[in-house]
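Student: I'll drop the sequence and a predicted model, then ask my questions.
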Amino acid sequence: MLFSSVLERFVEKSPLAVMAHATIVYALDATSLDHLFRQHASAQYENKITFSALVDLMSLVVCQIHRSVNSAYAKAKQKIGASLVAVYGKLRRTELPILTALVADTAQRLAAVVTEMQAELPAPVPGYRVKILDGNHLAATERRLKVLRGQPAAPLPGQALVVYDPQRDLMTNIIPCEDGHAQERSLIGAALDLVREGEVWIDDRNFCTTEFVFGVQGRKAYFIVRQHAGNLKWEELSEWTRCGRCATGEVYEQSVRLWTDDGREMVCRRIKLKLDQPTRDGDTELYILTNLPRSVKAVVVATAYRRRWTIEVGFQKLATVLESEIDTLAYPKAALFGFAVGVAAYNVLSVVQAALRSEYGRERVQEEVSTYYIGEELSVVSEGMKIAIPSTTWCKIAALSAGEFSRWLREVARHVDLGQYKKHPRGPKKKQKKPRRDPKKPHVATARELKSRKVVNKRSC
């Protein structure tokens with residue numbers, strides 16, 4: 001599908017950057033974003049600065065095209081048509097429901113593209129739609145606010161619960177919270193509102209509460225959650241039965257009964273994973289609760305729980321490949337705005353990888369292609385594309401249907417040389433003893449140490 005000769009030249013020379021930028025334009029369509037803002041804003045209003053302009057500005061920082069909001073604003077000043085003070089004021093007053101809607105709307109738009117490309121990953125529980133829930137506390141910011149300047153402790157700008165779809169590799173929802181010290185369990189009610197009938201929700205022990213497991217059960221859905229001592233009232237109904245092995249250990253199961261103070265009861269399975277290697281916390285056994293039917297074997301449940309770590313990998317990409325936690329944004333709502341745009345950008349990179357999977361195969365892309373290099377190419381090439389390619393071309397791409405856009409992405413993907421974006425995995429680090437510090441020699445000159453090493457090597461020869 002030919003849009004312009006200039007775009008075609010970029011497709012030939014830098015296809016991944018074209019795919020990523022086009023997906024950003026498709027997911028963060030200005031008309032859709034401004035409509036979304038008007039739907040969900042209660043106190044904020046549009047005057048000079050549109051919501052889509054703020055998202056576009058923040059995406060430049062999140063994708064590391066510009067180092068800060070200030071430098072991104074300097075490039076887009078005329079387009080925004082308002083002062084930098086006004087921009088920061090708008091960011092720090094952004095309403096949280098708008099951020100929730102931003103992630104949900106863009107994820108839904110991109111999920112249709114992944115489905116059209118038939119690029120979904122294998123389901124952790126075959127036959128079920130799986131969601132993984134986890135919390136992410138935003139990193140500490142600089143002490144830019146007056147109330148923070150005398151504080152010795154690191155200032156936390158907030159946190160968010162994130163819902164992850166492992167089959168599409170998309171973060172589908174966030175539940176933002178301005179209080180960085182708030183208990184994650186205080187947000188469980190909002191998470192339960194997202195549960196749909198027939199889904200399987202995989203969660204860590206923080207969410208092993210009466211409210212959550214009975215809430216999921218009440219919505220005719222299923223849970224796989226690591227048991228937390230003392231959070232549930234339960235009793236054993238059967239002895240342990242050995243069920244086989246998964247990749248990390250022996251699997252056993254038993255029946256248990258759960259109950260609540262108001263008289264509700266539930267019979268479910270308690271699965272024990274006897275680990276070959278202890279966890280970082282020193283645990284040698286994990287206990288998992290599930291209300292899935294027995295047709296879903298205990299080994300499948302234990303293996304599915306291990307897939308919970310895929311969301312942790314996603315958080316790592318948000319912190320390394322993207323700049324989703326901007327330490328100069330000290331106001332909580334501004335910091336959460338950056339995180340929400342970062343989640344949307346993560347989904348963009350996931351769709352690019354889905355297009356590669358559809359062309360080159362799942363195993364090859366997962367084993368060989370580095371997301372880091374995709375993000376790096378986008379940050380280097382994006383500004384040049386925006387200058388060289390007219391906005392009308394990008395508008396045409398944003399107007400495509402999910403089927404048309406998925407076919408176009410696959411066409412561009414055929415120009416990608418995967419060898420240019422190859423992962424370089426390293427082996428495990430060797431454990432080394434930390435040398436004791438000599439108070440009489442607090443530092444060394446690297447050049448002198450290298451020089452002395454050369455002298456020793458020459459003598460040994």
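Tutor: Received the coordinates, thanks. Numbering: from 1, shown residues only.
Student: Report how many residues lie close to the spatially closest residue to Arg144 that is not a sequence neighbour.
Tutor: Spatial nearest neighbour of Arg144, chain neighbours left out: Ala330 (4.5 Å); criterion: CB to CB, 6 or more residues apart in numbering. (Each C-beta comes from the backbone N, C-alpha and C, glycine too.) Ala330: 19 surrounding residues under other CB atoms under 10 Å.
Student: Show me the contact partners of the host helix or strand of Glu367.
Tutor: According to DSSP states H and E, Glu367 maps onto helix 362-368. Contacts with helix 362-368, where a contact means CB atoms under 8 Å, 6 or more residues apart in numbering, come from 119, 121, 353, 356-357, 418, 421-423.
Student: center of this protein, which residue is that?
Tutor: Gly314 (4.0 Å; CA atoms, centre = their mean).
Student: in the stretch 1-150 of the chain, which spans are strands?
Tutor: With DSSP state E, counting those that start in this stretch, the ranges of strands along the stretch 1-150 of the chain come out as 130-137.
Student: mind exporting the host helix or strand of Val301 as CSV, just the C-alpha atoms?
Tutor: In the assignment (DSSP H and E), Val301 maps to helix 298-306. Extracted in CSV, the C-alpha atoms of helix 298-306 (Å, rounded to 0.1, in the frame of the first residue of the first chain):
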residue,chain,number,x,y,z
ALA,A,298,-2.5,-29.0,38.6
VAL,A,299,0.7,-29.0,36.6
VAL,A,300,-1.0,-26.6,34.1
VAL,A,301,-2.0,-24.3,36.9
ALA,A,302,1.5,-24.3,38.4
THR,A,303,3.0,-23.6,35.0
ALA,A,304,0.5,-20.8,34.4
TYR,A,305,1.4,-19.2,37.7
ARG,A,306,5.1,-19.1,36.6
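Student: what mean pLDDT would you report for it?
Tutor: Averaging pLDDT along helix 298-306 gives 93.
Student: contacting residues around whichever helix or strand comes after it?
Tutor: The helix or strand immediately downstream of helix 298-306 is helix 309-320, counting by DSSP H and E. The set of residues external to helix 309-320 that reach it, using CB under 8 Å, 6+ apart, is 132, 134, 136, 139, 162, 164, 166, 171, 324-325, 339, 342-343, 346, 349, 371-372.
Student: make it 10 Å
Tutor: Residues outside helix 309-320 that contact it (CB atoms under 10 Å, 6 or more residues apart in numbering) are 62, 121, 124, 131-136, 139, 162-166, 169-171, 202, 204, 324-325, 339, 342-343, 345-347, 349-350, 371-372, 375.
Student: now those residues: which count as buried?
Tutor: Buried positions within the contacts of helix 309-320, assessed by neighbour count (16 or more other CB atoms under 10 Å), are 62, 121, 124, 131-136, 162-166, 169-171, 202, 204, 324-325, 339, 342-343, 345-347, 349-350, 371, 375.
Student: picking that back up, pull out the buried residues from the helix holding Val301.
Tutor: 298-305.
Student: would CSV of those with distance to Gly150 be doable?
Tutor: Formatted as CSV, those follow (distance: CB to CB, whole Å):
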residue, distance to Gly150
Ala298, 54
Val299, 55
Val300, 54
Val301, 50
Ala302, 49
Thr303, 50
Ala304, 48
Tyr305, 44
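Student: Just give me the closest of the residues you listed to Phe10.
Tutor: Ranked by distance to Phe10 (CB to CB), the buried residues of helix 298-306 are led by Ala304 at 41.0 Å.
Student: surely Phe223 meets Ala191?
Tutor: No - using CB atoms under 10 Å, Phe223 is not in contact with Ala191; the gap is 11.5 Å.
Student: can you state the direction angle for the lengthiest helix in the chain and helix 309-320?
Tutor: Ranked by number of residues, the top helix in the chain under DSSP state H is helix 332-360. Per axes from the mean of the first three to the mean of the last three CA atoms, to 10 degrees, the angle that helix 332-360 makes with helix 309-320 is 110 degrees.
Student: Let me know the average pLDDT across helix 332-360.
Tutor: What helix 332-360 shows for mean pLDDT is 93.
Student: tell me the angle of that helix relative to strand 130-137?
Tutor: 140 degrees.
Student: Can you classify Arg269 as helix, strand or coil?
Tutor: Following DSSP: H, G, I helix; E, B strand; the rest coil, we place Arg269 in the strand state.
Student: Who does Glu245 form a beta bridge with?
Tutor: Glu isn't right for residue 245; it's Arg. Beta-bridge pairing of Arg245 under DSSP bridges involves Glu250.
Student: gap between it and Asp34?
Tutor: 54 Å (CB to CB, to the nearest Å).
Student: now do Asn231
Tutor: 43 Å.
Student: again, but for Ile174
Tutor: 20 Å.
Student: Sketch out the low-pLDDT regions of the protein for me.
Tutor: Within the chain, the stretches with pLDDT under 70 are 1-3, 424-442, 454-461.
Student: Name the nearest residue to Leu237, sequence neighbours excluded.
Tutor: Closest to Leu237 by CB to CB, 6+ apart is Ser255, at 4.1 Å.
Student: Next up, phi/psi of that neighbour, please.
Tutor: When quoted as degrees, to the nearest 10, the phi and psi of Ser255 stand at phi -90, psi 140.
Student: before we move on, what about Gln254?
Tutor: Here Gln254 shows phi and psi, under degrees, to the nearest 10, equal to phi -150, psi 170.
Student: For it, give me its contacts.
Tutor: 236-241, 269-272, 287, 298.
Student: change it to 6 Å
Tutor: Residues in contact with Gln254 (CB atoms under 6 Å, 6 or more residues apart in numbering) are 238, 240, 270.
Student: could you flag which of these are buried?
Tutor: Among those, those scoring as buried are Arg270 (criterion: 16+ other CB under 10 Å).
Student: secondary structure class for Val416?
Tutor: Three-state call for Val416 (three-state DSSP): coil.
Student: Could you report the separation of it from Ser406?
Tutor: Distance from Val416 to Ser406, by CB to CB: 16 Å.
Student: distance between the helix holding Val301 and the chain's centre?
Tutor: Taking CA atoms, centre = their mean, to the nearest Å, the mean C-alpha location of helix 298-306 is offset from the chain mean by 22 Å.
Student: Looking at Ile174 and Asp34, which one has more neighbours?
Tutor: The residue with more neighbours, out of Ile174 and Asp34, is Ile174; 23 against 16, by other CB under 10 Å.
Student: And the more buried one, its phi and psi?
Tutor: Backbone torsions of Ile174, given as degrees, to the nearest 10, read phi -130, psi 150.
Student: My read is that it contacts Val162, right?
Tutor: Yes - contact criterion CB atoms under 6 Å: Ile174 and Val162 qualify, at 5.4 Å.
Student: of the contacts of Gln254, closest to Arg67?
Tutor: Checking the contacts of Gln254 against Arg67 by CB to CB gives Arg270 as the nearest, at 50.2 Å.
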